[in-house]
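Q: Here is my input, please return the structure:
(6 chains, ligands or ions: 9)
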Amino acid sequence: MTYILIIIGAIFVNNIVLSKFLGICPFLGVSKKISTAVGMTGAVTFVMTIATIVTWLLQKYVLLKFDIEYLQTITFILVIAALVQMVEIVLKKVSPPLYQALGIFLPLITTNCAVLGVAILAATSKDFGLMESTVFAIANAIGFGLALIIFSGIREQLEFSDVPEYMKGAPLALIVAGILALAFMGFAALA
Amino acid sequence: MSKLVISQSPHLHTKPDVKKLMYAVIIALLPSLALSLFFYGVGALVVTAVAVVAAVVFEWLIVKFILKKEPTIWDGSAIITGLLLAFNVPSNLPIWIIIVGALVAIGVGKLSFGGLGQNPFNPALVGRVFLLISFPVQMTSWPTPLVNRGVYIDAITGATPLGVMKEGLKNGEAMSSIMQNIPSHLQMFYGQMGGSLGEISALLLILGGIYLLFKKVISWHIPGSIFITVILISGIFWLMNPEANADPLFHLLTGGIMLGAIYMATDYSTSPMSNSGKIVFGVGIGVLTMVIRLWGAYPEGVSFAILIMNAFVPIINKGFKPKLFGAKK
Amino acid sequence: MSKLKILSKGFIKENPVFVMLLGMCPALGTTTSAENGIGMGLATLFVLVMSNIVVSLVKNFIPDKVRIPSYIVIIATFVTIVDLVLHAYVPDLYKALGLFIPLIVVNCVVLGRAEAFASKNNVLDSAIDGLGMGIGFTFALTLLGAVREIIGSGRVFGVNLHLYQSDGMLVFILAPGAFIALGFIIAIVNKLSKKPAQ
Amino acid sequence: MASKMKSTLLTMSLTLLLITGIASALLAYVYTLTKDPITQAENQKKEQALSLVLPKFDNSPLEDTVKIASGVDTLICYIGKNNNEIVGIAVESFTDEGFSGRFSVMVGFLPDGTIYNTMILEHKETPGLGDKMENEKSMSISGSDTTWWSKQFIGKKPEFNTSESDGKKYAEPINIKVSKDGGEIDAITAATISSRAYCNAVNRACATYFKIGELKGKSGGKAHYVLILFLALGLFIFIFKKLNK
Amino acid sequence: MNIILLSVIVLGAIGLLGGVILFFIAQKFKVYEDPKIDEVEGILPAANCGGCGFPGCRNFAESCVKAEDLGTLFCPVGGNETMAKVASILGKTVEAKDPQIAVIRCNGTPEYRQRTTDYDGATTCAMESALYSGHTDCQYGCLGHGDCVDVCKFDAIYIDEKTLLPIVSPENCTACGACVDACPKDIIELRPKGKKDRRIFVSCVNHDRGGTAKKSCQVACTGCKSCVNVCKFDAITIDNFLAYINPVACKLCRACVTACPTNAIWELNFPPRKVKTDEPKKEVPKKEEKNEVKAEEKTIDLKEIAKDSDKKEE
Amino acid sequence: MLKTFPKGGVHPPENKLSADKKIITLGIPEQVVIPLQQHLGAPNKVLVDKKAKIKVGQRIVEAGGFVSANVHSSVSGTVLKVDEMLDTSGYKKLAVVIKVEGDEWEPTIDTTPDIKHEITLSAEEIVKKASEMGIVGLGGATFPTHVKLSIPKGQTCEFLIINGVECEPYLTSDHRLMLEHGEELLIGTKIFMKALNVTKAFIGIENNKPDAIEHLTNLASKIDADIEIVPLKVQYPQGGEKQLIKAITGREVPSGGLPIHVGVVVQNVGTTYAIYEAVQKNKPLIDRIVTLTGKSVKNPGNFKVRIGTPISMLIEEAGGLPEDTGKIINGGPMMGKAIKDTEIPVTKGTSGILIMTQAESKRGKIMPCIRCTKCVNVCPQGLEPYLLMSVAEKQMWEQAEKEHNMDCIECGSCSFICPSDRPLLDYIRFGKQNVGAMIRARNTK
Ligand SMILES: Cc1cc2nc3c(=O)[nH]c(=O)nc-3n(C[C@H](O)[C@H](O)[C@H](O)COP(=O)(O)O)c2cc1C
Ligand SMILES: Cc1cc2nc3c(=O)[nH]c(=O)nc-3n(C[C@H](O)[C@H](O)[C@H](O)COP(=O)(O)O)c2cc1C
Ligand SMILES: Cc1cc2nc3c(=O)[nH]c(=O)nc-3n(C[C@H](O)[C@H](O)[C@H](O)COP(=O)(O)O)c2cc1C
Ligand SMILES: Cc1cc2nc3c(=O)[nH]c(=O)nc-3n(C[C@H](O)[C@H](O)[C@H](O)CO)c2cc1C
Ligand code: SF4
Ligand code: SF4
Ligand code: SF4
Ligand code: SF4
Ligand code: FES
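A: Ligands and ions are numbered 1, 2, ... in the order given. As a prediction, this is how the structure comes out:
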């Protein structure tokens, strides 16, 4: 598998949010402003990449070695939780503005299924070595970011429009996501 | 003397209102519609009529009974949505599917967002792509022009030139042999080929486009940049290997490029505000269309390309502003 | 709060999917049919109840800083149990739910309830809360699954309703339909739940 | 101290240790309980497939396998026997040319090389489109009813055009192709991609199957030997399992 | 058994490792934050209304913790109770402040104040007043588009349909002052709630000379000094043809209310007077010419409406 | 190709109904109301008391600072009162009310009709004169002219541009002035050139006034100064000074900058005539030319009016207030201000009075923005009006500032063109006020 295919596949064809349904909570929650969306993308990229690398190593050198693959879920999530908390602590110190902007959503990365989902997908894929997994993780993070940023742009614009009362917020966000998913189906079979 | 009115300047306003702009678009589309009626017969008539009526009726019902606002059907935008939806489907599409398409276009694509001008995605295309993915069989069987004009659903069908090409290339055929199964460029130019009922005649669509340009309803930026991008990309591939790639003119004349570029990418609500933004938007549509045509699963990608670029419009609007007078360099 | 209230609030008023917008991923990803919806709902319900019980049991012994990791381990344990059991005894459902079973771990509903309710209430209330939320979640998933299945293929729970002559509206089985269907369901829930207040 | 533990290094690590310890112990216990049912469940589908694509057999082909390399791929072949006589060989084949993702098919051959039957093991094609080639509903795998699609393959005998085989990964039979490509198989409407992919997987199986034939021809005795060995092994395992229960 | 042991060891090791690493990172990247900030923030009403003059409750909490003394800091929403709690956390003292409430100082209903032009523009007070003095001849009066209503976070103010003037509901108003800032005509004032919620104030801000004022609005304060003359407590001053009642000096004797010839002075929450019991609190403008009788009749309903709304306030 | 500014602009129907009506000198009213503040800048001090007797041209209000302007009495008579009177701002402001008695002028003023060609005053004296005589810009902004003539240190003026564009529909006062007082105008131009120490001046005139272009070109050729008449394309807002400078010199006044930053000073033709009168005839700014027009007006025309004359008198002169009047506008239809009452006085800034019928005064129904980009395309300042409006509606002032709403010149092209009849400029103004206040608060901090 070439890296290009992994990248195109993860970003466009099987976009993690729009076609795999992972990470919907932050997608709906942190997408009201472009600036926070960008911050969130950064945080997710960071956590997702490191988490995938660590869990891949864990899977290969511990779980598979001792034949205790069934502990996958629990070890992976532990690793991710610890990572997120680390990022949170470090960010609070290093960049307080970013910390404030991401606010409650940093801990939410723990409960962002995208991170765990990608880690599991990468670790269980037969064709992925460490390098492929890393690329896969980054590409998925970019796919997540792309969806999130496009989406936040649309939501910022919708702020100015006269949306029907009951459609405000989540319903409309979901419909926009639906139409986006519809549009992204055009990429079918590209990779 | 009654009470004086006090309001802010300016105290003058232009005549052309929203309605006039919309009706100009409808007028520009009429020649193409007439040609479709000639080529496809009753099918085109039924499909267009159903789409337009359904779009207008849904708009009226939803605005009146669900949104509880003043009905807005006479501004003409729903008519355009219906018309363009019809233009984007084969002329043998069953009535109930068209009605579903109109409901999705108006209900999901437009009124969910608050109606005229608020929708980020082109309603007609939302309806069209929704149908394409829901009913791939019905949406991809194209009646052959000039045959069986009296028949609606059971018209004889064939493939579009793009479909023939994609199929042929997949089987490793050479371009020159594929071209024998495809109408000549001249036929494609005036519109005798398989396809959605309104997209076939480049000639009439361009004429309508010139009318709109002349009336200042649209500007050249979006269609122009789409055409140039498509020509450039297809040209490069064609020059590299003319046996495995179609020529630029073929790409320009087939499929929905003309309809999409002139009438759908230019939709006000869903395109960027600045001229530079419009050009970026057009280039994006051109590139995505060609990517899907060359490598994707679908033979044609204009609809998807426009929808995807619609999604980028708010970001384009942020990044590409008109040049500020006296901007500091 | 009466036990009944704790139990019933998750159904509509604080429905995790429709109102609190939590656990959207499984809600969208596993509801290609009503059956799958129920399956996912029940799996989550089990995890919710069990983890709520355990969290409220051990809440006092856990230092604050490792609260979240500890809760996650507890939840992950139950998720893995569900995973193993489904794999062993209901392999078809296991296949259909796929990745989303391990992802129950990160379902915001589960951790959310552990954090917001179980870590502050007694065991019985926590169990009831988990049950209520779980039922609400299951209800939401089943409803969404049923809607998608009916519109998408004209069937529900494997019964052909003969809505369509041939195929249904494929979109609803696919990703875009999931989003759109859930969007409209939430809009309707909004409308219904806000009416009496006015 | 009354309600909450203080966060010190000691309490923190101790709590985590304790919780993970208990959790893992519990899990390991559940795992041991479910281990066998899981393998059984895993094999169930293959067993079903084998009984569909092979004529009646009395051995356990799951334990009676050979791995055959054909071109770049190595496929597993399951050997079905009745009264110790080979009644058919099932090849577990796959393709990556489906609409989305990998797509694996079990193809059963009679000893004379005609296809006995085919069955999909796993696919990710679009529900409602690509999955029509499977039985009406993807979930219920009841071996009996076969769709018109897979019926098309029954009794086909792959015909090779030997001159064309070079340059490809494996030799492609010329008749097992969708009619659009000049073969004898009618594609499913609007799912030509999936139909092609299916044919592709079957083709790969054919190529592999005929490799077995070649092997046989070259060193038949040894192969026989191997087969007997496998048989013995299978029997051994079978008895062992029975006893264990 | 083996697998159980193995699992315990592996997972335990991961857990332990994670815990230790986290602990050290937490130590290394520690950010000191006064825990009192969180404590104070917890007490505050979390309305984030800005009534205290800070962008949000947390900022206010920070300043409270930093401040030497709490003299200048006050959360109008939480009131004295909250400030007392804040003070006790911080070990500081606060003085109790008189609870305040917003009052509307315009009395000009459409009947008293004719519309003289048609305003055709955005229906916000700020935009109308930026364009011109307003659609009546009183350039000080309420424009009635409800900018004050829009900014109130507590649903404490609404526009009465008949009088087209805003009304404050005392049970909701927190005296955050948002409406005071929002009103382009400076009509709204924060005044002490008064004993038993009783308040007397001049419901007009018209600075025009008496005649001009009266011409533009029948119930305008003309600066005639009648009230000053009857007030025994020197609570009323007149500046620029407009009377102002100092709420501290005012002893709520109500003498001025009856003395005002244009009924510009309002009393709220008083029991009905003995003499003119059921009559509304003020007479209709007395010095009207005969042909204005119709207006008087209308006036009476209006008074009742005004009274009703007073009741609503209670 | 005629010169014009590069981007945006509209072309509303010109309706120059009074273009060939000669300037008529209007009689003196019985009472005048002279507002204290008739300029942009610091507030003034009154110099006269109630009952004071005054002459025409007597200074009655003193400038309250450097950026401020004196006001002189336009009539002779007795001061009735100094009181708050409604003026064109729509608010009551302090004004001197004078009862007219006779027409007795200050003796220093040269009231003869002769044209005085020789410029005897030095540059400094000219500036001082402009300040003394209360000259302010008559092109609309009423900015004190002496301030504009005092070039700050470190900056030099290279060109003078006289603004004879008069791009507002209906208005013709500048047009008539150029035709009837061309000679004085050129002398005024020379005075400005002397004061600013420049050798090159342009007079920009829109191409819809070919008679004025021809007339002035003729006169200029006979004069010993480098004054070039530049015909310009008819395009609103050609008269906006930034647009005019760009059209004539190709220079772009930087965002937030002044014309002098590109070495240009712009003066209106009315101001130029006023400076001629001030410098050569010692006459303060006490009257001006006002166009009274409107489709329903019986005799639209151009009138020379004393400052302080009630508008009602002008209206009477033009045939009375039409029955179906819906709106009275002080100024042109694009930038003018609707007024509340016909008793409002003519001030230095009144270039025209436009009377609109009820049908014309109604604004269209506001529809949602259809994002047609017309407003963006017509904005001469390169702004995005639709966005500025939305941002102002949501009161997002920081973002409004970021979107450069302070660069809006309030030309109204956007509101004019909008097919959805959106009140774009209303909201942009609102935004400018708030952002302006925000900036001021920030600067004083
Ligand atoms: C959402 C979606 C899913 C699709 N899934 C499949 C599929 O599973 N299998 C397939 O062969 N083609 C699939 N297609 C591809 C189209 O149906 C394509 O037009 C078709 O394969 C071409 O076949 P035809 O030549 O029979 O029309 C899918 C298309 C869409 C839009
Ligand atoms: C705040 C302010 C300061 C100004 N300062 C100067 C100045 O220092 N020098 C100058 O020549 N003009 C100055 N001007 C005048 C402007 O250049 C311009 O001529 C005036 O605002 C009228 O232009 P308008 O009618 O296009 O708005 C100033 C204007 C304003 C509003
Ligand atoms: C949109 C707009 C249009 C203007 N049109 C004219 C005009 O037609 N004629 C004119 O003399 N000034 C016009 N002005 C005023 C000029 O910008 C500038 O203030 C004036 O020419 C400076 O001269 P003054 O100080 O003598 O008034 C306009 C201003 C704006 C903002
Ligand atoms: C130039 C022009 C192009 C338009 N194109 C479309 C279109 O492609 N699809 C559509 O639904 N409506 C179109 N409309 C109508 C209208 O703008 C559309 O329904 C809006 O998106 C509704 O908000 C068009 C209108 C104009 C003026
Ligand atoms: S009425 Fe005014 S002071 Fe009272 S709460 Fe509302 S905004 Fe604040
Ligand atoms: S009180 Fe002020 S803000 Fe409120 S409606 Fe009246 S004018 Fe507007
Ligand atoms: S935004 Fe300002 S400068 Fe631009 S067109 Fe509108 S009024 Fe003119
Ligand atoms: S001109 Fe009007 S409708 Fe068009 S973009 Fe501007 S505001 Fe919107
Ligand atoms: S359920 Fe997926 S992110 Fe919340």
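Q: hey, let's count contacts and neighbours off CA atoms from now on
A: OK.
Q: what about stretch E:116-124, near ligand 6?
A: No: on the criterion C-alpha under 6 Å from any ligand atom, stretch E:116-124 is out of touch with ligand 6, staying 7.2 Å away.
Q: Please point out which parts of that stretch sit buried.
A: Neighbour counts over stretch E:116-124 (16 or more other C-alpha atoms under 10 Å in any protein chain shown) mark E:116, E:117, E:118, E:119, E:121, E:122, E:124 as buried.
Q: Please list all residues in contact with the first one.
A: What that stands for is residue E:116. Contact partners of residue E:116, counting by C-alpha atoms under 8 Å, 6 or more residues apart in numbering or on different chains, are B:3, B:4, E:135, E:136, E:137.
Q: gap between it and residue B:5?
A: Separation of residue E:116 from residue B:5 (C-alpha to C-alpha, to the nearest Å) stands at 10 Å.
Q: What's opposite the most centrally placed residue in chain D in the beta bridge?
A: Note on chain D: the residue nearest the mean C-alpha position is residue D:92, at 4.0 Å, using C-alpha atoms, centre = their mean. Beta-bridge pairing of residue D:92 under DSSP bridges involves residue D:76, residue D:106.
Q: now swap in residue E:101 and tell me
A: Assigned bridge partners for residue E:101, using DSSP bridges, are residue E:191.
Q: That one: neighbour count?
A: Residue E:101 has 25 neighbours, counted by other C-alpha atoms under 10 Å in any protein chain shown.
Q: Which stretches in chain B count as strands?
A: For chain B, the strands defined by DSSP state E occupy B:4-6, B:142-143, B:157-158.
Q: Which strands and helices lie in contact with the longest one?
A: Packed against strand B:4-6, as judged by 3 or more C-alpha pairs under 8 Å, 6 or more residues apart in numbering or on different chains; DSSP states H and E, are the following elements: strand E:117-119, strand F:325-330.
Q: so which of these comes closest to ligand 1?
A: strand E:117-119 (55.4 Å; C-alpha to the nearest ligand atom).
Q: roughly how far out does that closest one sit from the chain middle?
A: The chain centre lies 28 Å from the centre of strand E:117-119; the measure is C-alpha atoms, centre = their mean, to the nearest Å.
Q: re the thing from before, hang on, isn't the residue nearest to the centre of chain D packed against residue D:203?
A: No: with contact defined as C-alpha atoms under 8 Å, residue D:92 does not reach residue D:203; the gap is 11.6 Å.
Q: Distance check, the most centrally placed residue in chain A against ligand 7.
A: In chain A, the centroid-proximal residue (C-alpha atoms, centre = their mean) is residue A:114; its distance is 4.3 Å. As judged by C-alpha to the nearest ligand atom, to the nearest Å, residue A:114 and ligand 7 stand 44 Å apart.
Q: Then residue A:130?
A: Look at residue A:130 and ligand 7: by C-alpha to the nearest ligand atom, they are 55 Å apart.
Q: pLDDT wise, what is that residue at?
A: At residue A:130, the predicted lDDT confidence score is 88.
Q: for it, what are its contacts?
A: Here residue A:130 is in contact with A:53, A:56, A:57 (criterion: C-alpha under 8 Å, 6+ apart).
Q: again with residue B:226
A: Applying C-alpha under 8 Å, 6+ apart to residue B:226 gives the contacts B:261, B:282, B:283, B:284, B:285, B:286.
Q: Give me the spatial nearest neighbour of the residue of the stretch 1-150 of chain E found nearest chain C, chain neighbours excluded.
A: Using C-alpha to the nearest C-alpha, residue E:19 is the residue of the stretch 1-150 of chain E that sits closest to chain C, at 7.6 Å. Nearest non-adjacent residue to residue E:19, counting by C-alpha to C-alpha, 6 or more residues apart in numbering or on different chains: residue D:13, 5.3 Å away.
Q: Could you verify that that neighbour is part of a strand?
A: No: under DSSP: H, G, I helix; E, B strand; the rest coil, residue D:13 falls outside any strand and is assigned helix.
Q: What confidence value was assigned to it?
A: As predicted, residue D:13 sits at a pLDDT of 72.
Q: Report the contact partners of it.
A: By C-alpha under 8 Å, 6+ apart, residue D:13 lies in contact with E:15, E:16, E:19, E:20.
Q: With neighbour count added, can I get those in CSV?
A: Below are these laid out as CSV (neighbours: other C-alpha atoms under 10 Å in any protein chain shown):
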residue, neighbour count
E:15, 27
E:16, 20
E:19, 25
E:20, 17
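Q: Mind jotting down where the strands sit in the chain?
A: You didn't say which chain, so I picked chain A. With DSSP E, there are no strands along chain A.
Q: That was the other one, I meant chain D.
A: D:65-70, D:73-82, D:85-95, D:103-109, D:115-122.
Q: Would you tell me which one of those strands is buried the most?
A: Highest mean neighbour count of the strands of chain D: strand D:103-109, a mean of 27 (counted as mean count of other C-alpha atoms under 10 Å in any protein chain shown).
Q: helices or strands up against that one?
A: For strand D:103-109, the elements it packs on are helix D:9-53, strand D:85-95, strand D:115-122, helix D:192-244, judged by 3+ C-alpha pairs under 8 Å, 6+ apart.
Q: For residue E:143, see how far away residue F:394 is.
A: Separation of residue F:394 from residue E:143 (C-alpha to C-alpha): 20 Å.
Q: ok, these two, which is more surrounded?
A: Relative neighbour count places residue E:143 above the other of residue F:394 and residue E:143, with 27 against 11, counting by other C-alpha under 10 Å.
Q: got the contact list for residue B:203?
A: Applying C-alpha under 8 Å, 6+ apart, we find residue B:203 in contact with B:189, B:190, B:191.
Q: ok, now with 6 Å
A: Counting by C-alpha atoms under 6 Å, 6 or more residues apart in numbering or on different chains, residue B:203 touches B:189, B:190.
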